[in-house]
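J.: Dropping a prediction and its sequence here:
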Amino acid sequence: MKLLLDTHLALWSIFQSERISAATLELLDNEDNELLFSSICIWEVSVKYALKRPDFLVDPAILRQALQSRGDVEVPVRSEHALVVGELPLIHRDPFDRMLVAQARHENLILLTSDVRVSQYGASTRLVS
């Protein structure tokens, strides 16, 4: 499976793996799965890091390097993804999360998320803990 990590899961998988359930860690460690991260995650961390949000105290460049070093593949934002955002129901209003859902849908990926509202977008999402 091609698994796109939402921002918190990307952060936790690198810096706070103890926050992730054993079942989710097993999914991430399974060599049959391809792990991906979106440039949206790096953008979100950059914005919130600059605002000094306590839940985003990681330098986005360090996060990007760590994800790449682990072998995760970066998914860039494309105009096709932006078009899909406009088709999404307003289940969630966060623009970062909406773009991640759009990317997962357009690229036929599974977005792993710990956000219940994001998981309500259906087949392209999977709620994990």
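T.: Thanks, I have it.
J.: and the end-to-end length of stretch 120-129?
T.: Distance across stretch 120-129, first residue to last, is 15 Å (C-alpha to C-alpha, to the nearest Å).
J.: How about residues contacting that stretch?
T.: 9, 20-21, 23-24, 27, 88-89, 91-92, 101, 104-105, 108-116, 118-119 (C-beta atoms under 8 Å, 6 or more residues apart in numbering). Every residue, glycine included, has its C-beta placed from N, CA and C.
J.: which of the residues in that stretch are buried?
T.: Neighbour-count burial for stretch 120-129 flags 121, 124-126, 128 (criterion: 16 or more other C-beta atoms under 10 Å).
J.: sorry, back to before: which of the contacts of stretch 120-129 are buried?
T.: In terms of neighbour count (16+ other C-beta under 10 Å), the buried residues within the contacts of stretch 120-129 are 9, 20, 24, 27, 92, 101, 104-105, 109-115, 118-119.
J.: Next step: those residues restricted to strands.
T.: Judged by DSSP state E, the subset of the buried ones among the contacts of stretch 120-129 located in strands is 110-113.
J.: between those residues, which is nearest residue 35?
T.: Nearest to residue 35 among those: residue 112, at 9.1 Å, using C-beta to C-beta.
J.: For the closest one, give me its contacts.
T.: Residue 112 neighbours (C-beta under 8 Å, 6+ apart): 3-6, 9, 24, 27, 125-126, 128.
J.: And it, how far from residue 22?
T.: Distance, residue 112 to residue 22, by C-beta to C-beta, to the nearest Å: 15 Å.
J.: circling back to that earlier point, dump the ones in strands among the buried ones among the contacts of stretch 120-129 into JSON lines; add pLDDT and distance to residue 15 as well.
T.: Below are those laid out as JSON lines (pLDDT from 0 to 100; distance: C-beta to C-beta, whole Å):
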{"residue": "110", "pLDDT": "98", "distance to residue 15": "22"}
{"residue": "111", "pLDDT": "98", "distance to residue 15": "20"}
{"residue": "112", "pLDDT": "98", "distance to residue 15": "16"}
{"residue": "113", "pLDDT": "98", "distance to residue 15": "18"}
